[in-house]
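My questions are about this predicted structure, shown below with the sequence.
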Amino acid sequence: MARRLPPLTRTARRHVIVIAHRGASAEAPENTKAAILRALALHVDMIEVDVQLTRDRRLVIFHDECLERTTSGRGRLARWRWRDLARLDGGSWWSPRFTGERILLASQALRLVRPPCRLNLELKRASRAAALVEAMVRCLRWTRRLRRVLVSSFDPALLRRLHAQAPRVATAVLCDRNPGRAIAQAARLGCVAVHLHKTLVSAPVVRRAREAGLRVHVWTVDRAQEAGRLARMGVDGVFTNVPDRIRRVVG
Ligand code: G3P
Ligand code: MG
């Protein structure tokens, strides 16, 4: 039986939670402190960020495999040491207003996000799976956030490793195809949720997830009408780049 994530807000009322995708990423550069602080200011229920491992095994918040799109650096992030990554500019690609915004360590992101807001750490696929999971567990223990986060991944093997080392961490399987298989995997792994791409969601899929004891969180939903339709279908949460717009519909 899948474990339940403890209540995500102080109220007992069940509602569709709003999850800021890469922070409030329509208002600030994704996965940065600025995007996280903006999402907190908008009172989202949860903030999603992407997590990767540096060459020297530090956990950083970053989406792409390579640095070019969102920083002043070049090449694959996994080949960089943290002390060099820390000097890069991760904000001016977005706007001169954000010049000087830095790549964050996962531990820094964990400390920024305070209750009742939760952090969803998405573990990106990695060739160094064992090192990635070890670093994640160490970081959650060190920051005392083991029971306060939701860790997700497209790679069920990463979640299996995580469960073996830290069974109390809430997890979710991410899915961009074959929701039936993802639901079965998530239930088998003892996850609390499945994170489905919006094109995969239908009433029968939501029902199937529920029957497996899983929450359904849907990515990435920026149109109000779409959020309303998903809420009526009974999903538990939506990831969005525009939390203020979506909260008006489902919050
Ligand atoms: O976790 C949901 C979503 O973030 C998955 O896709 O590419 O935006 O990390 P991506
Ligand atoms: Mg992500």
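Sure thing, it's come through. Numbering: from 1, shown residues only. Ligands and ions are numbered 1, 2, ... in the order given.

Regarding the chain, what is its longest helix?
helix 129-142 (DSSP state H).

list the buried ones in that one?
129, 132, 133, 134, 135, 136, 137, 139, 140 (16 or more other Cβ atoms under 10 Å). For the C-beta atoms, the positions are set from N, CA and C on the backbone; glycine is no exception.

I figured the first one hits residue 156, correct?
No - judged on Cβ atoms under 8 Å, residue 129 makes no contact with residue 156 at a distance of 11.3 Å.

Please name the residues that touch residue 48.
Remark: with contacts taken as Cβ atoms under 8 Å, 6 or more residues apart in numbering, residue 48 is in contact with 19, 20, 21, 22, 120, 122, 152, 219, 239.

What strand or helix carries it?
Assigned by DSSP states H and E, residue 48 belongs to strand 46-53.

Give me the distance between that strand and the centre of its chain.
Strand 46-53 has its C-alpha centroid displaced from the chain centroid by 5 Å (Cα atoms, centre = their mean, to the nearest Å).

got the contact list for the helix or strand following that strand?
Once the chain leaves strand 46-53, the next helix or strand it forms, by DSSP H and E, is strand 59-61. Strand 59-61 is touched from outside by 31-32, 49-54, 77, 82, 85, 103-109, 132, 135-136, 139, with contacts defined as Cβ under 8 Å, 6+ apart.

Weed out the non-buried ones from these.
31-32, 49-54, 77, 85, 103-107, 109, 132, 135-136, 139.

Within reach of ligand 1, which of those residues are there?
When contact is defined as Cβ under 6 Å from any ligand atom, these meet ligand 1 at residue 50.

What degree of burial does the residue in the stretch 1-150 of the chain that ligand 2 sits nearest to show, as a neighbour count?
Closest residue of the stretch 1-150 of the chain to ligand 2, Cβ to the ion: residue 122 (4.0 Å). Look at residue 122: counted by other Cβ atoms under 10 Å, it has 23 neighbours.

what's around residue 69, how many residues?
Residues lying near residue 69 (other Cβ under 10 Å) number 9.

Distance check, residue 103 against ligand 1.
Separation of residue 103 from ligand 1 (Cβ to the nearest ligand atom, to the nearest Å): 16 Å.

Can you tell me which residues in the stretch 1-150 of the chain are near ligand 1?
Counting by Cβ under 6 Å from any ligand atom, the residues of the stretch 1-150 of the chain near ligand 1 are 21, 48, 50, 63, 122.

With pLDDT as added columns, please give those in CSV.
Shown next, in CSV, are these (pLDDT from 0 to 100):
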residue, pLDDT
21, 98
48, 98
50, 98
63, 98
122, 98
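
Run through the bridge partners of the residue most central in space within the chain.
The centroid of the chain falls nearest to residue 48 when counting by Cα atoms, centre = their mean (3.0 Å). Note on residue 48: beta-bridge partners by DSSP bridges are residue 21, residue 120.

Understood, closing this out.
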